[in-house]
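3D, please:
(one chain, ligands or ions: 1)
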Amino acid sequence: MTAYLVRNVSVVGGAPTDLLIRDGVVAETGAGLAAPDATVLDATGLVALPGLVDLHTHLREPGREDAETVESGSRAAALGGYTAVCAMANTSPVADTAGVVEQVWRLGREAGLVDVQPIGAVTVGLAGERLAELGAMADSAARVRIFSDDGHCVADPKLMRRALEYVKAFDGVIAQHAEEPRLTEGAQMHEGEVSTRLGLTGWPAVAEEAIIARDVLLAEHVGSRLHICHVSTAGSVEVLRHAKARGVKVTAEVTPHHLLLTDEKATTYDPVYKVNPPLRTADDVAALRAALVEGVIDIVATDHAPHAVEDKECEWAYARPGMLGLETALSIALDVLGPQWDLIAERMSRAPARIAGLDGHGLDPAPGVPANLTLVDPAARRVVEPAELASRSRNTPYARMTLPGRIVATFLRGEPTVLDGKAVR
Ligand SMILES: NC(=O)N[C@@H](CC(=O)O)C(=O)O
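Down below sits the predicted model:
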């Protein structure tokens, strides 16, 4: 195994130092290290972060390998600075059995570019009628701890309660896609002034807020861990603030796109901006940003949702919801938060690793720690070219935008997955 001597790097924004990476761990840190056998990387001006961890990635395998595979999504993740991703269960077949989660887990190991941690479905076939085999998935080789019907809400309160009770035994967490389905029938975009102007059926903020309010009360009643996927409204932030003040064990994520884009984008009728939950108003964006800084929202998660061309380049009403995220998330975070490295490390690596229970991830580079880390050039600016993305899909909402920051290198247990901004494999 090659040793790497990373020279003159700022660890999470601190004073420049050297990092020696050997045998899968950070072996030494300090100024002026010597290691004649190591490959030297001059990291002057670069920042080292603990490898990013994505709690919400759609890898599309099995079932839609034309849109993404475990391998192509893993490569996109590594290029985005990630060392671990949690793969959502809405594949085909659905990841609702030990067999399917083990298959995804094994494909992740074979690709070897990031740790792929499968998420199991809460209900059989995401149909919201019967609990899936949560215990069997937890006991499988994939050791599933997060369960989600993402793409669908667990709308039945009794099923939601049972799921919360069930996962308590192994400290699992239910990740809820908060959308009261009766309130979003036929919805095409955020319900508000823009939807009225365009004559499109709206997805009201209350459809999200009502489910979060119900579920934080259920989680409190049961004493279980609840995670809220892709929080998108100012009202949801208020419900979460209230729940956290009461001591409810709830965590929440926000996506890069909900931190940057608004429902005004729908006026282009370009389906690349169609996503679930929909892009909201500028006031919502401001509330989400403030909540992320404050900690009412715990993490940034990408909701990387690759879609084939025919599912996106069509009429708005027929387009599938979802956007790419893995290869641009750090740049958007840098754009929105500025160079607050400790905050970025917390919201994009340490906290998601804790929520997912991923050992060896989310740890700042320090002697003895597994070398899961990424090197960022904060001064670089890049133009997003869809054709250059590693994802099999092209549905990025940031096409041809100039974004700050570039991932220079990513290491997974001491092995580079990205060097000089390029995937190693
Ligand atoms: N976030 C999205 O817009 N899409 C997700 C599922 C979903 O949440 O609808 C997908 O799987 O494509």
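
what pLDDT does residue 126 get?
pLDDT for residue 126: 98.

Quick one: neighbours of it, just the number.
Per other C-beta atoms under 10 Å, the neighbour tally for residue 126 reads 22. (C-beta placed from N, C-alpha, C; glycine too.)

my guess is it contacts residue 152, does it?
Yes. Using C-beta atoms under 8 Å, residue 126 makes contact with residue 152 at a distance of 4.9 Å.

Show me the common contact partners of these two, please.
Counting by C-beta atoms under 8 Å, 6 or more residues apart in numbering, the shared contacts of residue 126 and residue 152 are residue 90.

Quick one: end-to-end length of stretch 76-90, please.
One end of stretch 76-90 to the other measures 19 Å (C-alpha to C-alpha, to the nearest Å).

Now do it, average pLDDT.
99.

just stretch 199-214 next, same as before
Stretch 199-214 comes out at a mean pLDDT of 98.

Now do stretch 39-56: distance from first to last residue.
Termini of stretch 39-56 sit 34 Å apart (C-alpha to C-alpha).

Tell me which residues of it come out buried.
Buried residues in stretch 39-56, defined by neighbour count with 16 or more other C-beta atoms under 10 Å: 41, 43, 46-56.

Likewise for stretch 250-259?
Neighbour-count burial for stretch 250-259, counted by 16+ other C-beta under 10 Å, picks out 250-259.

close to the ligand, is that stretch?
No. Applying C-beta under 6 Å from any ligand atom, one finds stretch 250-259 separated from the ligand by no less than 8.1 Å.

looking only at pLDDT, what's the mean for that stretch?
99.

chain center to it, what's the gap?
9 Å (C-alpha atoms, centre = their mean, to the nearest Å).

In space, what's closest to residue 306 - neighbours in sequence excluded?
residue 393 (3.4 Å; C-beta to C-beta, 6 or more residues apart in numbering).

And residue 135, by the same measure?
Per C-beta to C-beta, 6+ apart, closest to residue 135 is residue 166, 7.3 Å.

Now the host helix or strand of the one you found - C-alpha only, CSV.
Following DSSP states H and E, one finds residue 166 within helix 157-168. Below are the C-alpha coordinates for helix 157-168, written out as CSV (Å, rounded to 0.1, in the frame of the first residue of the first chain):
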residue,chain,number,x,y,z
PRO,A,157,-49.8,6.8,11.6
LYS,A,158,-50.2,3.3,13.1
LEU,A,159,-47.5,1.8,10.7
MET,A,160,-45.2,4.7,11.5
ARG,A,161,-45.6,4.1,15.2
ARG,A,162,-44.9,0.4,14.8
ALA,A,163,-41.8,1.1,12.7
LEU,A,164,-40.5,3.5,15.3
GLU,A,165,-41.1,0.9,18.0
TYR,A,166,-39.5,-1.9,16.0
VAL,A,167,-36.2,-0.2,15.2
LYS,A,168,-35.6,0.8,18.9
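
Which positions in the stretch 151-300 of the chain make contact with the ligand?
151, 177, 275-276.

the domain parsing of the chain - what is it?
Domain assignment for the chain, taken from automatic domain parsing, gives 4-47+367-423, 50-356.

Report the distance from the longest one to the chain centre.
In this view, domain 50-356 has its centroid 7 Å away from the chain centroid, taken as C-alpha atoms, centre = their mean.

Please apply the same query to the first one.
From the chain centre to the centre of domain 4-47+367-423 is a distance of 19 Å (C-alpha atoms, centre = their mean).

wait, does it make contact with the ligand?
No. Under the criterion of C-beta under 6 Å from any ligand atom, the ligand is not reached by domain 4-47+367-423; the shortest gap measures 9.5 Å.

Would you mind measuring the gap between the ends of that domain?
Span of domain 4-47+367-423 from end to end, C-alpha to C-alpha: 17 Å.

any chance of the residues of the stretch 151-300 of the chain next to the ligand in TSV, plus neighbour count and secondary structure?
Formatted as TSV, these follow (neighbours: other C-beta atoms under 10 Å; DSSP: H, G, I helix; E, B strand; the rest coil):
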residue	neighbour count	secondary structure
151	19	coil
177	25	coil
275	25	coil
276	18	coil
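
okay if I get those as JSON lines plus pLDDT?
JSON lines is the format used below for these (pLDDT from 0 to 100):
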{"residue": "151", "pLDDT": "98"}
{"residue": "177", "pLDDT": "99"}
{"residue": "275", "pLDDT": "98"}
{"residue": "276", "pLDDT": "98"}
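
in stretch 5-14, what's buried?
Across stretch 5-14, burial judged by 16+ other C-beta under 10 Å covers 5-13.

I meant stretch 354-372, not that one.
By 16+ other C-beta under 10 Å, the buried positions in stretch 354-372 come out as 354-356, 358, 360-365, 370-372.

With respect to burial, which of the domains of the chain scores highest?
Mean neighbour counts were compared across the domains of the chain using mean count of other C-beta atoms under 10 Å; the top stretch is domain 50-356, at a mean of 21.

just for the stretch 301-425 of the chain, where's the confidence low?
Scanning the stretch 301-425 of the chain for pLDDT under 70 picks out no residues.

which residues in it form strands?
373-383, 402-412, 415-419, 422-423 (DSSP state E, counting those that start in this stretch).

contacting residues around the residue of the stretch 1-150 of the chain found nearest the ligand?
Closest approach between the stretch 1-150 of the chain and the ligand, counting by C-beta to the nearest ligand atom: residue 58, at 4.5 Å. Applying C-beta under 8 Å, 6+ apart, we find residue 58 in contact with 68, 73, 87-88, 90, 303-306, 322.

that older thread, quick one: the residue nearest to residue 135 and residue 131 touch, right?
Yes. With contact defined as C-beta under 8 Å, residue 166 reaches residue 131; the gap is 6.8 Å.

Please enumerate the helices of the stretch 201-350 of the chain.
Using DSSP state H, counting those that start in this stretch, the helices of the stretch 201-350 of the chain run over 205-222, 234-245, 256-260, 282-294, 309-312, 329-337, 341-345.
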